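[1] Could you look at this predicted model? Sequence included:
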Amino acid sequence: MKINLTKLLQKQEKVKTIFQIDNNWLRLIQVKTIKREKKVSMIKAVEIASLSDEEIRLKISALVVELKINSREIILSIPRHLTTTRNLDLPSANPLEIKDMIELQIGKQTPYASDEVIKDYQILGSNADGYSRVLLVIVHRDIVGRYFKILESAGLKVQKVSFSSEGLLNWRNLVYRDKIAAEKVQILIEVDYDTSDFEVVLKDKLVFGRSISLGFSQFPGQLELWQKKFVEEINHSIYAYQNEIMSKEIDKIIISRPRLVGDSLDKAVLEKEFGSCVEIIDQFKDIPLTEEGASSYNNLVRTDLSFVGLVGLGLPTGEHKIDLIPQEHLIGKAVKEKGKDLYLMGILLVFILVAVSGVFLGRMYNKERYLGQLKQRLGAIENKTKELNSMIRGMETIKDRVQTRGMSLNLFYEVHREIPPGMHLISMSFDGKESLTLRGQANEMSEVFNFVNKLEESTYFQDVKSKYATKRKVENKEITDFEISCPLAEKYKVADKHKL
């Protein structure tokens with residue numbers, strides 16, 4: 001049998017697709033690996049302003065057919081202006097402790113609860129005092145959930161959700177060939193049609209950033225006015241950076257520009273205004289493009305759109321540090337990967353069995369005999385598997401029983417250890433699983449809030465809240481009735497139900 005190697009290699013070509021969706025535009029690029037070299041093979045932009053999610057799905061479905069998009073190679077880029085970033089100084093250099101501290105910071109840094117957002121972070125470095133500088137990236141769960149729903153309804157499975165500003169940093173590494181000193185501070189600016197991304201880079205890491213609500217299309221035909229506004233916004237951003245982070249002097253400002261922006265930015269004027277060296281680079285300068293990719297870019301209807309972040313995520317110069325994929329999708333992906341591994345192992349096992357059988361089963365009567373033996377072995381393996389699964393379930397049950405033993409007494413002790421003098425508890429109700437409810441009376445409202453703060457510091461509880469605290473008079477004396485909800489910390493949550 002002859003094998004056509006050319007066709008086989010063509011079938012094995014990997015084509016990665018990177019999507020970015022906002023309120024007005026659906027953008028995508030495709031990156032094809034050709035002879036171990038990655039090149040941008042397609043650039044598309046579809047206007048979706050005022051379209052419903054179903055209409056957007058139909059647009060994506062048409063692109064899936066047109067571009068033969070491989071669902072196993074999908075990255076979703078979240079635009080900078082849809083995220084919130086915070087620079088935190090945390091009193092630890094231990095990655096595990098930092099992870100726990102980040103969880104506590106979510107409620108303080110955003111108006112949302114921890115389960116309402118998706119977050120990831122990058123540790124930027126630690127100092128001699130044991131403090132770590134951390135970049136925290138947050139996006140509302142509804143935003144990512146909406147994009148997931150649209151893409152999945154179009155038959156696509158997202159493998160990774162990336163931060164567009166990280167793509168901007170990768171793009172800098174692709175197009176900026178000069179060697180960059182580690183201690184030099186650079187500013188990267190991505191100019192888009194309605195927003196701009198301002199990022200400060202030090203030691204090849206994003207140390208500060210913000211979205212600027214100013215794009216080239218907002219001042220059509222008014223280049224001088226647009227440049228004036230642009231300078232004002234960038235200066236405000238530089239001031240915000242220098243006010244928040246004590247760092248070194250800015251070495252260079254690198255600006256990416258779409259084709260429409262062209263020579264509208266005056267480099268000499270910008271250098272004078274910013275007091276730093278400025279370099280303006282076309283967004284596809286030195287980016288490897290196939291002929292089809294170059295043609296698709298030249299044929300774009302809108303030429304003030306930026307694809308810098310998508311290019312940087314599709315042609316990475318390093319590992320993506322930030323991943324904003326929802327936790328439930330990560331769990332589902334892990335389960336599928338394990339199932340796939342088991343499936344492949346099963347196929348390999350069957351292949352080995354068949355190969356071994358083929359050696360020894362030279363005659364018809366031996367084939368029947370060995371086939372019977374193989375069936376018996378497979379049956380024995382299945383029975384053993386059932387026994388092992390039963391044993392595992394039993395062990396998990398025993399483990400849960402051991403973990404729950406004494407939990408009620410521990411909680412009772414912890415509450416009475418923290419309760420202040422003069423406060424009386426009327427009832428303590430434990431749902432047996434994950435929450436303790438306290439009802440009682442106090443002389444002062446402040447005593448209730450102090451008690452809540454003490455419970456919050458306990459290792460047993462998290463997100464302690466006062467459901468109500470109301471004053472009333474009893475025999476000419478004011479007392480405060482209260483109810484406090486004390487959810488258990490994750491490691492103390494139990495499966496069995498108990499009552500105090």
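    Perfect, thanks for sending it.
[2] ok now stretch 289-305, how far from the chain's centre?
    From the chain centre to the centre of stretch 289-305 is a distance of 29 Å (CA atoms, centre = their mean, to the nearest Å).
[3] List the buried residues of it.
    In terms of neighbour count (16 or more other CB atoms under 10 Å), stretch 289-305 has its buried residues at L289, T290, G293, A294, S296, Y297, L300, R302, D304, L305. For glycine as for every other residue, the C-beta is placed from the backbone atoms N, C-alpha and C.
[4] swap in stretch 242-255?
    For stretch 242-255, the neighbour count (16+ other CB under 10 Å) marks I250, D251, K252, I253, I254, I255 as buried.
[5] between these, which is nearest E319?
    Using CB to CB, I254 is the member of these that lies nearest E319, at 21.8 Å.
[6] any idea whether the closest one is helix, strand or coil?
    For I254, the assignment made with DSSP: H, G, I helix; E, B strand; the rest coil gives strand.
[7] out of the buried residues of stretch 242-255, who's nearest P421?
    The closest of those to P421 turns out to be I250 (CB to CB; 57.1 Å).
[8] and that closest one, what are its bridge partners?
    Here I250 shows beta-bridge partners V185, assigned using DSSP bridges.
[9] There's contact between it and S276 in this structure, I believe.
    Yes - because the distance of 4.8 Å satisfies CB atoms under 8 Å, I250 is recorded as touching S276.
[10] where do the contact lists of these two overlap?
    By the contact definition CB atoms under 8 Å, 6 or more residues apart in numbering, I250 and S276 are jointly contacted by I187.
[11] who touches L425 in this structure?
    The contact partners of L425, taken as CB under 8 Å, 6+ apart, are V415, I419, L438, R439, G440.
[12] export these to TSV and tack on distance to F449?
    Converted to TSV, these look like this (distance: CB to CB, whole Å):
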residue	distance to F449
V415	16
I419	14
L438	13
R439	16
G440	14
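[13] Filter these down to the ones in helices?
    Cross-referencing these against helices under DSSP state H gives V415.
[14] can you redo the contacts of L425 as JSON lines with distance to L168, neighbour count and pLDDT?
    JSON lines is the format used below for the contacts of L425 (distance: CB to CB, whole Å; neighbours: other CB atoms under 10 Å; pLDDT from 0 to 100):
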{"residue": "V415", "distance to L168": "50", "neighbour count": "22", "pLDDT": "86"}
{"residue": "I419", "distance to L168": "53", "neighbour count": "18", "pLDDT": "88"}
{"residue": "L438", "distance to L168": "50", "neighbour count": "23", "pLDDT": "89"}
{"residue": "R439", "distance to L168": "53", "neighbour count": "15", "pLDDT": "92"}
{"residue": "G440", "distance to L168": "54", "neighbour count": "18", "pLDDT": "91"}
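[15] on that earlier part again, any chance of the buried residues of stretch 289-305 in JSON lines with pLDDT, secondary structure and distance to I322 as columns?
    JSON lines is the format used below for the buried residues of stretch 289-305 (pLDDT from 0 to 100; DSSP: H, G, I helix; E, B strand; the rest coil; distance: CB to CB, whole Å):
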{"residue": "L289", "pLDDT": "93", "secondary structure": "strand", "distance to I322": "26"}
{"residue": "T290", "pLDDT": "94", "secondary structure": "coil", "distance to I322": "28"}
{"residue": "G293", "pLDDT": "93", "secondary structure": "helix", "distance to I322": "26"}
{"residue": "A294", "pLDDT": "93", "secondary structure": "helix", "distance to I322": "30"}
{"residue": "S296", "pLDDT": "93", "secondary structure": "helix", "distance to I322": "28"}
{"residue": "Y297", "pLDDT": "92", "secondary structure": "helix", "distance to I322": "27"}
{"residue": "L300", "pLDDT": "89", "secondary structure": "coil", "distance to I322": "28"}
{"residue": "R302", "pLDDT": "83", "secondary structure": "coil", "distance to I322": "28"}
{"residue": "D304", "pLDDT": "84", "secondary structure": "coil", "distance to I322": "27"}
{"residue": "L305", "pLDDT": "91", "secondary structure": "coil", "distance to I322": "23"}
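[16] Which two among those are spaced furthest apart?
    Longest span within the buried residues of stretch 289-305, CB to CB: T290 and D304, 23.5 Å.
[17] For the residue nearest to the spatial centre of the chain, which three-state class applies?
    Closest residue to the average C-alpha location of the chain: L324 at 0.9 Å, with CA atoms, centre = their mean. Of the three states, L324 takes coil under three-state DSSP.
[18] right, and it touches L136 too?
    No - counting by CB under 8 Å, L324 does not reach L136; the two are 11.7 Å apart.
[19] so what sits against both of these two?
    Jointly contacting L324 and L136 under the rule CB under 8 Å, 6+ apart are K119.
[20] residues touching the residue lying closest to L313 once chain neighbours are set aside, list them.
    Once flanking residues are discounted, L313 sits nearest to G167: 4.0 Å by CB to CB, 6 or more residues apart in numbering. Applying CB under 8 Å, 6+ apart to G167 gives the contacts S77, V308, G309, L310, V311, G312, L313.
[21] among those residues, who's most crowded?
    Of all those, the highest neighbour tally under other CB atoms under 10 Å goes to G309, namely 31 neighbours.
[22] Just want the phi and psi numbers for it.
    phi -60, psi -40 (degrees, to the nearest 10).
[23] Pretty sure it sits against E190.
    Yes - with contacts counted by CB under 8 Å, G309 reaches E190, the gap being 6.7 Å.
[24] Give the residues shared as contacts by those two.
    With CB under 8 Å, 6+ apart, G309 and E190 have common neighbours L168, D197.
[25] List the contacts of the residue nearest to the centre of the chain.
    L324 makes contacts with I78, T83, I118, K119, D120, V137, V139, V144, V161, S162, F163, as judged by CB under 8 Å, 6+ apart.
[26] tell me the pLDDT at it?
    We note a pLDDT of 91 for L324 in this prediction.
[27] if you skip the residues just before and after it, what's nearest to it?
    Closest to L324 by CB to CB, 6+ apart is V161, at 4.2 Å.
[28] Please tell me how far the one you found sits from Y147.
    8 Å (CB to CB, to the nearest Å).
[29] what sits in contact with each of these two?
    Taking CB under 8 Å, 6+ apart as the contact rule, V161 and Y147 both touch L76.
[30] tell me the secondary structure for K471?
    strand.
[31] what do you get for K38?
    The local conformation at K38, judged by three-state DSSP, is strand.
[32] Tell me who's in contact with it.
    Contacts for K38 (CB under 8 Å, 6+ apart) come out as V31, K32, P288, G314, L315.
[33] again with E199
    If you count contacts by CB under 8 Å, 6+ apart, E199 has them with S165, L168, L169, I187, L188, I189, E190, L206, F208, G209.
[34] Confirm that the fifth one sits in a strand.
    Yes - using three-state DSSP, the assignment for L188 is a strand.
[35] Thought S164 was touching it, still the case?
    No - assessed by CB under 8 Å, L188 is found out of contact with S164, at 11.7 Å.
[36] What sits closest to L438 if chain neighbours are left out?
    I484 (4.5 Å).
[37] what's around the one you found, how many residues?
    23.
[38] Please enumerate the strands of the stretch 1-150 of the chain.
    Assigned strands in the stretch 1-150 of the chain, in chain order: 15-21, 25-34, 37-47, 74-78, 84-90, 117-126, 132-140 (criterion: DSSP state E, counting those that start in this stretch).
[39] should've said the stretch 351-500 of the chain
    Under DSSP E, counting those that start in this stretch, the stretch 351-500 of the chain gives strands at 424-430, 435-442, 465-474, 477-487.
[40] In TSV, list those strands along with distance to L174.
    Below are the strands of the stretch 351-500 of the chain laid out as TSV (distance: least, CB to CB, whole Å):
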stretch	distance to L174
strand 424-430	57
strand 435-442	51
strand 465-474	48
strand 477-487	47
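[41] Alright, I will stop here.
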